[in-house]
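Novice: The sequence and its predicted three-dimensional model are supplied below.
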2 protein chains.
Amino acid sequence: MKNIHVLKVFLIISIGLSGWANADDGKKYTWRLAETWGANFPIFGDATKNMAKMVNEMSNGRLTIRIDSSNKHKAALGIFDFVKSGQYQMGHSASYYWKGKDFNTMFFTTVPFGMTAPEQYAWFYYGGGMELMKETYDKYGIMSFPGGNTGNQMGGWFRKEINSVEDLKGLKMRIPGFAGEVLAKLGAKPTNIPSGELYTALERNTIDALEWVGPSLDLRMGFHKIAPYYYTGWHEPATELQFMVNQKAYDTLPADLQQILTIAMKAAAYDMYAQSMHESGVNLAKLQDEYPNVKIRSFPKDVMFAIRMANADLLHDFAKKDPQTKKILNAITDYQEQIRAWTNFSDRAYLDNFDAQ
Amino acid sequence: MKNIHVLKVFLIISIGLSGWANADDGKKYTWRLAETWGANFPIFGDATKNMAKMVNEMSNGRLTIRIDSSNKHKAALGIFDFVKSGQYQMGHSASYYWKGKDFNTMFFTTVPFGMTAPEQYAWFYYGGGMELMKETYDKYGIMSFPGGNTGNQMGGWFRKEINSVEDLKGLKMRIPGFAGEVLAKLGAKPTNIPSGELYTALERNTIDALEWVGPSLDLRMGFHKIAPYYYTGWHEPATELQFMVNQKAYDTLPADLQQILTIAMKAAAYDMYAQSMHESGVNLAKLQDEYPNVKIRSFPKDVMFAIRMANADLLHDFAKKDPQTKKILNAITDYQEQIRAWTNFSDRAYLDNFDAQ
């Protein structure tokens, strides 16, 4: 009987302790987040502020997140290493920036001719995307989460009209990464140029074209003043930014703060997509009103087809690299095919129904 | 000097007290939520469970929300009154069900030929929609929040093909509310029939057609077995469900629990949209695989145009009813026009670019 009593006391204490471990442990946590963006960068920077504010309010100040922008930490593309090492508990950036460290990180931002934002959120949260991202990031001790969507990005600003595949040959365009490789297959000369030098490079014909984001962020760059052709998109249909959390730091938090953090990141990501939609609408209207000479075009069908085939070739090559790449690309391709059928019968058919006359 | 000391002590106590009022007040709150849906109703019911789970985990059990489905409270369309009276602190339903109580509640769910889900979230959170909804609900002591989006709803299941406006004349269709009024203008006979009797009504030709939701929820109803034509949508482009909170109950919560509740509702609403997308994709594939004879069609252009004109007439009549209705409808129309231009140049152009060949 005595042993049973000891067991009971032990159980009660254990339950009591585990209760405390889930909740207010009397500690205040102050975390630091490093972001790729400069101070006061709109929309992207709003996502981190929105997340930190939600965490602070929901935790009643038990978890405070201080944000360092790139002008502070001086390493816009050092976020992965900051979070991996634990120098910062959190980061806000974009997964495709880490393709030099791990090729497979590239596919969790967006893929040329990939999913739209609603399709991609369905994939992340209900279609296996989060699990594949976890498989990719676990080995670095980093937890990766959606961090806000820009919506469909425009194909870019061009000084001259593109009328044929021939017009892409020799075209000097600022278009980094994956999409640049696609255009290179068709003879274009992709380059990367720091954002601060883009306007001058375009003005002085150092480049013939560039892509940035879309109306939500392009207008402040002034490209519309010197490049009259604004092309619709293909290369980043749903650019999802990324929150990163150091796994060990996360593990030190009580369970309720872990949930508060996770849900604040999720809500901030979704919010950024809504904000991007809003700002795109507002700024597109402003562009069309103030600069009526800007021509918004889609590439001719044969150009678009050639680009899509070049992209398919590149994906085919990527899939041969390693089994995990193949697994991720197959998952994306299969899911996209399934959900695109729905997009076509729902929002796309609806937009056609709306315009019927 | 003494007075200054007294002031200091007073300030310290005040700050201390206000600190406590924002946070754990030592109380556990148990709330009740009444939902329109029956127990285990998928997707809609998942939204309330998801929200309650997030609240429970983030608050470490300080706020527990118990969910009563309609089989328990026996008043599927009594949610507004439950929350208004405080009999339930919360509800989950759809704003357009309350048009008999207040006509202006109707416009916060969806509008025929209205915004798509991404457009509408932008409007709610960044374009003034939340403020207009608050103006509408404040007088009832109810706080209203987005509660999850179904995505674009299908136009319905039809036993016969619709080839002309003439085919709508005398058509007996289960299509409630606003959309039913639109079709009535073109000679259709809209009716409402309880969901449990729909299949039999269609099978026995009591009705010729019906609309429900879309592939995400229609397949379990079996309509595809007896109606071979499945038409694309126009009448509910982005049906947003609704969380309601009794204002007085909300005011009794400490500030951190208020934030936890608000953000959990927001995240659960966005999540439901992603889940609806996912389930629509999965079930559409299943439908096409198992029932290849079902024909998915859009109405002919002249039929679609006639429906849109009838809708415009109806909106015009509504706007005359009272200044607040006019204000809401003008806000929706203006916002939609602005953001639709962006949708057309972004996701819509992208889907065309994707299919270029």
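Specialist: Yep, it's here.
Novice: any idea how far residue A:327 is from residue A:100?
Specialist: 21 Å (CB to CB, to the nearest Å). Just so you know, the C-beta spots here come from the backbone N, C-alpha and C atoms, and that holds for glycine as well.
Novice: what do you get for residue A:300?
Specialist: When residue A:300 is compared with residue A:327 (using CB to CB), they lie 35 Å apart.
Novice: Could you do residue A:296 as well?
Specialist: From residue A:296 to residue A:327 the distance is 38 Å (CB to CB).
Novice: So for the two, which sits in the more crowded spot?
Specialist: Neighbour count, other CB atoms under 10 Å in any protein chain shown: between residue A:296 and residue A:327, residue A:296 has more, with 17 against 14.
Novice: right, and the more buried one touches residue A:230 too?
Specialist: Yes. Between residue A:296 and residue A:230 there is a contact at 4.9 Å, judged by CB atoms under 8 Å.
Novice: Need the residues touching each of those two.
Specialist: Residues touching both residue A:296 and residue A:230 (CB atoms under 8 Å, 6 or more residues apart in numbering or on different chains): there are none.
Novice: where do the strands sit along the stretch 151-300 of chain A?
Specialist: In the stretch 151-300 of chain A, the segments counted as strands under DSSP state E, counting those that start in this stretch are A:156-158, A:172-174, A:189-191, A:209-210, A:229-231, A:240-246, A:295-297.
Novice: Quick one: mean pLDDT for the third one?
Specialist: In this model, strand A:189-191 has a mean pLDDT of 96.
Novice: mind listing what's buried in it?
Specialist: By neighbour count with 16 or more other CB atoms under 10 Å in any protein chain shown, strand A:189-191 contains the buried residues residue A:190.
Novice: Any stretches of chain A with poor pLDDT?
Specialist: In the predicted model of chain A, residues A:1-22 satisfy pLDDT under 70.
Novice: By residue count, tell me the biggest helix in it.
Specialist: helix A:255-290 (DSSP state H).
Novice: and that helix, is it in reach of chain B?
Specialist: Yes. Judged by CB under 8 Å from any CB of the partner chain, helix A:255-290 and chain B are in contact via A:255-256, A:259-260, A:263-264, A:266-267, A:270-271, A:273-275, A:277-282, A:284-285, A:288.
Novice: hmm, which of those are the buried ones?
Specialist: A:256, A:259-260, A:263-264, A:266-267, A:270-271, A:273-275, A:277-282, A:284-285.
Novice: Going along the chain, name the helices of chain A.
Specialist: Using DSSP H, helices in chain A cover A:2-22, A:44-58, A:70-73, A:79-85, A:117-126, A:129-137, A:177-185, A:198-203, A:215-218, A:247-252, A:255-290, A:301-321, A:323-343, A:349-355.
Novice: quick one: contacts for residue A:32?
Specialist: Contacts of residue A:32 by CB under 8 Å, 6+ apart are A:65-68, A:88-90.
Novice: ok, now residue A:173?
Specialist: Here residue A:173 is in contact with A:156, A:180, A:183, A:188-191, A:207-211 (criterion: CB under 8 Å, 6+ apart).
Novice: and those as a markdown table, adding distance to residue A:353?
Specialist: Below are the contacts of residue A:173 laid out as a markdown table (distance: CB to CB, whole Å):
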| residue | distance to residue A:353 |
| --- | --- |
| A:156 | 31 |
| A:180 | 37 |
| A:183 | 35 |
| A:188 | 37 |
| A:189 | 43 |
| A:190 | 39 |
| A:191 | 43 |
| A:207 | 41 |
| A:208 | 39 |
| A:209 | 35 |
| A:210 | 36 |
| A:211 | 31 |
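Novice: Buried subset of those residues as a PyMOL selection?
Specialist: Selection of buried members from the contacts of residue A:173 for PyMOL, criterion 16+ other CB under 10 Å:
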select buried, chain A and resi 156+180+183+188+190+207+208+209+210+211
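Novice: Among the contacts of residue A:173, pick out the one closest to residue A:131, please.
Specialist: Checking the contacts of residue A:173 against residue A:131 with CB to CB, the nearest one is residue A:180 at 29.4 Å.
Novice: Can you verify my assumption that the closest one contacts residue A:190?
Specialist: Yes. Counting by CB under 8 Å, residue A:180 does reach residue A:190; the two are 3.2 Å apart.
Novice: which bits of the stretch 1-150 of chain A sit near chain B?
Specialist: A:22-24, A:54, A:57-61, A:113, A:116-119, A:121-127.
Novice: Return the members of the contacts of residue A:32 classed as buried.
Specialist: A:65, A:67-68, A:88-90.
Novice: Distance check, residue A:328 against residue A:164.
Specialist: Here the criterion is CB to CB. By it, residue A:328 lies 34 Å from residue A:164.
Novice: I should have written residue A:264 there, sorry.
Specialist: 49 Å.
Novice: How about residue A:283?
Specialist: 31 Å.
Novice: Tell me which of the two has more neighbours.
Specialist: Taking other CB under 10 Å, residue A:283 and residue A:164 do not tie; residue A:283 has more neighbours (18 against 12).
Novice: hang on, the earlier thing: so which of the strands of the stretch 151-300 of chain A gets nearest residue B:215?
Specialist: strand A:240-246 (25.2 Å).
Novice: Contacts for the closest one, please.
Specialist: Counting by CB under 8 Å, 6+ apart, A:44, A:47, A:51, A:79-80, A:83-84, A:86, A:88-95, A:108-110, A:117, A:120, A:124, A:137, A:141-150, A:261, A:265, A:268-269, A:272 sit against strand A:240-246.
Novice: same thing but 6 Å
Specialist: A:83, A:86, A:89-95, A:109, A:142-149, A:265 (CB atoms under 6 Å, 6 or more residues apart in numbering or on different chains).
Novice: Could you turn the buried ones of those residues into a PyMOL selection?
Specialist: Listed next is the PyMOL selection for buried residues among the contacts of strand A:240-246, using 16+ other CB under 10 Å:
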select buried, chain A and resi 83+89+90+91+92+93+94+95+109+142+143+144+145+146+147+148+149+265
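Novice: now, which of the contacts of strand A:240-246 lie within strands?
Specialist: Among the contacts of strand A:240-246, the ones falling in strands (DSSP state E) are A:90-93, A:142-149.
Novice: Which two of these have the greatest separation?
Specialist: For the ones in strands among the contacts of strand A:240-246, the maximum inter-member distance is 20.3 Å, found between A:142 and A:149 (CB to CB).
Novice: just to revisit the earlier point, could you flag which of the residues of the stretch 1-150 of chain A next to chain B are buried?
Specialist: Buried among the residues of the stretch 1-150 of chain A next to chain B (16+ other CB under 10 Å): A:22-24, A:54, A:57-60, A:113, A:116-119, A:121-127.
Novice: Tell me how many other residues crowd residue A:293.
Specialist: Residue A:293 - counted by other CB under 10 Å - has 6 other residues nearby.
Novice: can you check residue A:297 too?
Specialist: Count around residue A:297 with other CB under 10 Å applied: 15.
Novice: ok, it - contacts?
Specialist: residue A:231.
Novice: from the contacts of residue A:32, which is closest to chain B?
Specialist: Nearest to chain B, judged by CB to the nearest CB, of those is residue A:65 at 14.9 Å.
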